[in-house]
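Undergrad: Fold the following.
(one chain, ligands or ions: 1)
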Amino acid sequence: MIKRSVFILAFFSLSLLKAQNGPDIDSLIRVMTIEEKAGQMTQIDLGVIAKGDICALKQPQSIDDKKLISGIKTYHIGSVLNVGCGSGTIALDRWHDILRQLHQYNSDYSRLKIPVIYGIDAIHGVNYTKGATLFPQQIGQAATWNPKLVKQVYQVTAYETRASGLPWNFSPVLDLGRQPLWSRFFETFGEDVYLAKSMSQTAVQGLQGDGLNSPFSVAACMKHFLGYSMSLSGKDRTPVWMSDRELRAYFLPTFQTAIQQGAATVMINSGEINGTPVHVNHDILTKLLRDELHFKGVAVTDWEDVYKLVNVHHVAATKKEAVRLCILAGIDMSMTPNDFEFTTLLVELIKEGSIPMSRIDSSVRRILQLKKDLGLFKPFSISKSQYPDFGSKKHAEVSYQTATESITLLKNTKSVLPITKRSETILVCGPAANSMNLLNGAWTHTWQGTDSTYQTPDKLTIVEAFKKHTKNKILYAQGSGLDKLYDVDNCLRKAQEADKIVICLGEMPSTEIPGNIKDLDLPQAQIELVKKLKAVGKPIILVCTFNRPRIIHEIVPMADAVVYAYLPGDEGGRAIADIITGEVNPSGKLPFTYPAASNDIVHYDRKHSEDLDTDFSTNAYKPEFDFGFGLSYTTFEYSNLRVSKDTFSASDVLMVSVDVENTGKKEGMEVVQLYYQDLYASITPSVRQLCAYDKIYLKKGEKKTVSFAIKAEDLSFINKQLVRVTERGDFELYIQQLKHHVYYQ
Ligand code: BGC
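TA: As a prediction, the model looks like this:
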């Protein structure tokens, strides 16, 4: 009997090695032990198998042979993530060593040689690899309104992630950014369903390319399913109270789009919705995700979320019960990630029969399939020479282009910008004027992005870029910290000498719970700095590099120009300087509604009841800046909005066209935005909703026709029965000031 199973195993291993693309998954599952299956469902942090105490050392990043071998032999490690304690970038060579060792030991010491899958947070470029290209954060990517360009961002990210030897990226964030207080607002594609859907689609396409098997593609991970971004308090991982209709209307579509695009994996929302932690919500994780959306990929928990069911959410009294609940709800893999208790408990539960083997096998099947699709069953091999473009100028140009197309000019009184006279002296000041960290935000070299030790050499802060790229005389004084004035006298003295003053406002990089804030107001010190400089009497240009739209209502009237730069990444300094000096004509548009007051958060696709300018004026929609808004150094005129049919039905495609002319003195790019209003509907309709857009380039004096193909489903909503419908009736279509009435029959 023993001889026979040894023979089967030997035969199996042989055929495993021989198989070009990996083994037959079901045959493999049949020979796996319970322990091996539980191991596949476990993901640990690099810290668990690295030398020393990574968090204490702050210098992780080499494998401890004993820890790794014991992890493989005892727990059959299925997956590893990140860099240990979010503690710092790893050089390409070091990554290769780590991965070689991991794969080699796994092959030497594991019985079935099932490859380990390594996952990483490559959030705006592969930010945990030294010398990688760092892009604007997602909110800035959305502000480009240019999905083709954003696709390149994700292609480069995939390339450089794979160049590091890493096949799985925990990106993109598909949570809708409708809660500006939220510490992860900058990680979203903004507040609008349509814009975010288009960006989600492009991100997945860019990461996964033509197939996971390519050495230039990675598996995408849509996160965080579902409804994570909309907590009532705005604080990370605090309760969300939301109707199913709202969840489906606003927060589901990005995920739905990414699933249709073939996104390989999903990460689960750490928080709770209506009192149920999503990690134990069978309705969301199985009925919705699997049965309704037909998602076939791997569902991984977020960080330590199984244990948090006990110690944070209090829905399970023991960790064992927590494991049972989340696996039965539909989790495939647990980002445990600091120990193997999950693995041990899962084995016990399976042996006791508390979790049926069929449930375990479906998770293991998905995990093995992902590994097979990624080509991980093939012998691991990597070399730098395969990736000559890693961290290259070519890649930096994609980042620069994305930054320039994202930067949004929100105010420009009397055309104070661009500064074209090279004889003018410019004072560049403010807390963000000379900081790479503030340009990049969190997930930059470290988790919170506050450590300046790991910066990429030769990247320029805003003031450095002004000095290097302009012929103007540039003065610098910080003037203030983020929340404390200092150096202000020096700054005021230099302001006297300057012709124009560029004040760079910012926010400490942060994400997740460390990024929680109590209100949206910009810290008083920065307001004070602007007021003091305003008193000098020179033109004021505000540059904002914020994690979220901090309230600037008091200082906008003092400014002659406002340049909103989001978190523009490593090329942000250059992009900002080039926009201000007119090398580049700005074309970014806000992907969110910029609030004028901390407690006046109303989205552009508001309901009519939020829009009323009654006698009391209390409900009037008065944001600081509207969604979709952004100025240019040229002017565009819209005319001749026409629609192919005035009455349409379910089978029709409406062709909506408009002429756009560059009537100004510069070439430029314009985002043509098509909105609609459903005039009367069984669910209160929005005042307006985006349903199509296109970014076009126009030379001086050039005129183009832009056309959109619109179907009934583009004008749909989720009704009371939670079904997406387009109701018969009247609609208005809007492009800029033009509108056209159509009837759906
Ligand atoms: C975050 C995820 C991230 C994971 C791994 C969590 O705390 O919520 O977005 O992918 O950590 O670092």
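Undergrad: quick one: low-confidence ranges for this protein?
TA: Along the chain, segments meeting pLDDT under 70 span 1-20, 54-60, 86.
Undergrad: Residues of it that sit close to the ligand?
TA: Residues of the chain lying close to the ligand (C-beta under 6 Å from any ligand atom) are Asn82, Asp121, Phe170, Lys223, Met267, Ser270, Asp302, Trp303, Glu512. From N, CA and C alone the C-beta is placed, and that goes for glycine too.
Undergrad: Can you give me the distance of the residue of the stretch 501-650 of the chain found nearest the ligand to Ser229?
TA: The minimum distance from the stretch 501-650 of the chain to the ligand, using C-beta to the nearest ligand atom, falls at Glu512 (5.6 Å). Glu512 sits 12 Å away from Ser229, going by C-beta to C-beta, to the nearest Å.
Undergrad: helix, strand or coil for Lys351?
TA: helix (DSSP: H, G, I helix; E, B strand; the rest coil).
Undergrad: what do you get for Lys739?
TA: strand.
Undergrad: Do a quick rundown of the strands in the stretch 151-300 of the chain.
TA: For the stretch 151-300 of the chain, applying DSSP state E, counting those that start in this stretch gives strands covering 168-169, 221-225, 265-268, 272-273, 276-277, 298-300.
Undergrad: right, and those strands - which one's nearest Ala50?
TA: strand 168-169 (18.7 Å; C-beta to C-beta).
Undergrad: Could you list every helix and strand in contact with the closest one?
TA: Counting contacts by 3 or more C-beta pairs under 8 Å, 6 or more residues apart in numbering; DSSP states H and E, strand 168-169 is packed against strand 117-120, helix 147-163.
Undergrad: Tell me which residues of the longest one come out buried.
TA: In this case it means helix 147-163. Under the neighbour-count criterion of 16 or more other C-beta atoms under 10 Å, helix 147-163 has 147, 149-163 buried.
Undergrad: And the first one, by the same measure?
TA: Judged by neighbour count using 16+ other C-beta under 10 Å, the buried positions of strand 117-120 are Ile117, Tyr118, Gly119, Ile120.
Undergrad: Ala196 versus the residue in the stretch 151-300 of the chain positioned nearest to the ligand, what's the distance?
TA: Closest to the ligand within the stretch 151-300 of the chain is Phe170: 3.8 Å, counting by C-beta to the nearest ligand atom. According to C-beta to C-beta, Phe170 stands 18 Å off from Ala196.
Undergrad: These two: which is more packed in?
TA: Legend: neighbour count by other C-beta atoms under 10 Å for Phe170 and Ala196, higher for Ala196 (28 against 23).
Undergrad: Just confirm that one contacts Gln256, I think it does.
TA: No: using C-beta atoms under 8 Å, Ala196 makes no contact with Gln256, being 11.5 Å away.
Undergrad: so Ser79 bridges to which residues?
TA: Counting by DSSP bridges, Ser79 forms beta bridges with Gln43, Ile117.
Undergrad: okay, now it: neighbour count?
TA: For Ser79, the neighbour count with other C-beta under 10 Å is 26.
Undergrad: got it, and Thr684?
TA: 11.
Undergrad: Just to be sure, it is in a strand?
TA: No: counting by three-state DSSP, Thr684 is not found in a strand; it is coil.
Undergrad: Nearest spatial neighbour of it, chain-adjacent residues omitted?
TA: Spatial nearest neighbour of Thr684, excluding adjacent residues (C-beta to C-beta, 6 or more residues apart in numbering): Lys607 at 5.1 Å.
Undergrad: what separates the one you found from Lys494, distance-wise?
TA: Distance, Lys607 to Lys494, using C-beta to C-beta: 49 Å.
Undergrad: likewise Gly209?
TA: In terms of C-beta to C-beta, Gly209 sits 50 Å off from Lys494.
Undergrad: go on, Glu187?
TA: Distance from Glu187 to Lys494, by C-beta to C-beta: 36 Å.
Undergrad: Same drill for these two, tell me which one is more crowded.
TA: Applying other C-beta under 10 Å to Glu187 and Lys494 shows that Glu187 carries more neighbours, namely 27 against 20.
Undergrad: show me the contacts for that one.
TA: Ile123, Gln137, Gln138, Ile139, Val173, Asp175, Trp443, Thr511 (C-beta atoms under 8 Å, 6 or more residues apart in numbering).
Undergrad: Tell me the buried residues within those residues.
TA: Ile123, Gln137, Gln138, Ile139, Val173, Asp175, Trp443, Thr511.
Undergrad: Please name the spatially closest residue to Ala316 (chain neighbours excluded).
TA: Ala322 (3.9 Å).
Undergrad: continuing past the host helix or strand of the one you found, what's the next helix or strand?
TA: Under the criterion of DSSP states H and E, Ala322 resides in helix 319-329. Using DSSP H and E, the helix or strand that follows helix 319-329 in sequence is strand 334-335.
Undergrad: Which neighbours in the sheet does that following strand have, and how are they oriented?
TA: Applying DSSP bridges, one finds strand 334-335 paired with strand 42-45 (parallel).
Undergrad: Let's see the partner strand as CSV, backbone CA atoms only.
TA: Only the C-alpha atoms of strand 42-45 are listed here, as CSV (Å, rounded to 0.1, in the frame of the first residue of the first chain):
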residue,chain,number,x,y,z
THR,A,42,-2.1,30.9,4.1
GLN,A,43,-0.2,34.1,3.2
ILE,A,44,2.5,35.3,5.5
ASP,A,45,4.5,38.5,5.6
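Undergrad: ok, then the element right after that strand?
TA: helix 46-49.
Undergrad: Output the contacting helices and strands for that following helix.
TA: Counting by 3+ C-beta pairs under 8 Å, 6+ apart, helix 46-49 packs on helix 54-57, helix 65-70, strand 79-81.
Undergrad: Which strands or helices does the shortest one pack on?
TA: When contacts are defined as 3+ C-beta pairs under 8 Å, 6+ apart, strand 79-81 sits against strand 42-45, helix 46-49, strand 117-120.
Undergrad: So for Glu464, which of these sits nearest?
TA: Nearest to Glu464 among these is strand 117-120; the distance by C-beta to C-beta comes to 29.3 Å.
Undergrad: who touches that closest one?
TA: Here strand 117-120 makes contact (C-beta under 8 Å, 6+ apart) with 43, 78-83, 99, 102, 126, 128, 161, 164-170, 221, 300, 367, 370-371, 374, 376.
Undergrad: For the nearest residue to Val315 once chain neighbours are set aside, give me its contacts.
TA: Excluding its sequence neighbours, the residue lying closest to Val315 (C-beta to C-beta, 6+ apart) is Leu309, at 5.4 Å. Going by C-beta under 8 Å, 6+ apart, Leu309 touches Pro277, His279, Val280, Val315, Ala316, Ala322, Leu325, Cys326.
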